[in-house]
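Undergrad: here's a sequence, model it:
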Amino acid sequence: MGSSCAGYSAVYAFCPCGCDGSRGCVRFGVKQHGTFFTHGVDIMTDRHTHMQALRETGFWGRAAAGCLIQACDTGRILIPHRSEHCQQPNTWGTWGGAIDSGESPQDAVLRELAEEAGFAAPEEIIPLYVFEHRSGFRYYNFLVMVAAEFEPNINWETQAFDWFEYGDWPEPAHFGLTALLSDTESAAILQNRARL
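TA: Sure thing, here's the model as predicted:
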């Protein structure tokens, strides 16, 4: 069904044309070169389960995980601008997605980081705010520290990205990014790391 990628299987991507992938119009392969992938991939092992959760909760998956990426060398934070093909399109958010069966939130973040940014070598992963919705859906946020700023190798989910100084947040923000940045403890961690 796909090639191997840093211990994960690359499979058919959720297609930007809106089909369920059955037409075979999008298929991603991937090769790792050092800390980067040649391009982002989507690893969709639990697609049916995530679709069912979307119908029941309004969210892709029963739980998800995502991150902001902060560079140790500058303290700036990499934020993706969501494409028109995503839920809550054209907003600035986090790098992330649904947690697959058997994955921990941290494992899901590492997979999503490879899929969406093409990056595979974080220096540190720090837990942040956990968003809990009345439907039972949870979104686990993390701060991923990287040694230096880099240019992500984005996939269809992201139309743009930029490195931001702490407090200089882009608009319009995804509601999840707003919730994360409004969390006092998470904001303190981001601000303290920006000063290092």
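Undergrad: ok, and the helix or strand in the chain with the lowest average confidence?
TA: strand 4-5 (a mean of 30; mean pLDDT, DSSP states H and E).
Undergrad: confirm Ala108 sits in a helix?
TA: Yes - assessed by DSSP: H, G, I helix; E, B strand; the rest coil, Ala108 belongs to a helix.
Undergrad: check contacts around it.
TA: Ala108 makes contact with 64-65, 96-100, 140 under the criterion CB atoms under 8 Å, 6 or more residues apart in numbering. Just so you know, the C-beta spots here come from the backbone N, C-alpha and C atoms, and that holds for glycine as well.
Undergrad: and if you look at Tyr166?
TA: Tyr166 sits next to 75-77, 190-191, 194 when contact means CB under 8 Å, 6+ apart.
Undergrad: tell me which of those fall in helices.
TA: Judged by DSSP state H, these include 190-191, 194 as members of helices.
Undergrad: measure Phe150 to Leu190 for me?
TA: In this view, Phe150 and Leu190 are 19 Å apart by CB to CB, to the nearest Å.
Undergrad: equivalent analysis for Pro127, please.
TA: Taken as CB to CB, the span from Pro127 to Leu190 is 13 Å.
Undergrad: who's more crowded, those two?
TA: A side-by-side neighbour count of Pro127 and Leu190, using other CB atoms under 10 Å, places Leu190 first with 21 against 16.
Undergrad: ok, for that one, nearest residue in space, not its chain neighbours?
TA: Tyr166 (5.9 Å; CB to CB, 6 or more residues apart in numbering).
Undergrad: so which residues make contact with stretch 77-86?
TA: 16, 18, 68-71, 88-95, 116-117, 149, 152, 154, 156-166, 169-170, 174, 177, 190, 194.
Undergrad: just to revisit the earlier point, and the contacts of Tyr166, which are buried?
TA: Buried by 16 or more other CB atoms under 10 Å: 75-77, 190, 194, out of the contacts of Tyr166.
Undergrad: and the furthest pair within those residues?
TA: Distance extremes for the buried ones among the contacts of Tyr166: the farthest pair is Arg76 and Leu190 at 10.8 Å, using CB to CB.
Undergrad: so what sits against both of those two?
TA: Common contacts of Arg76 and Leu190 (CB under 8 Å, 6+ apart): 70, 166.
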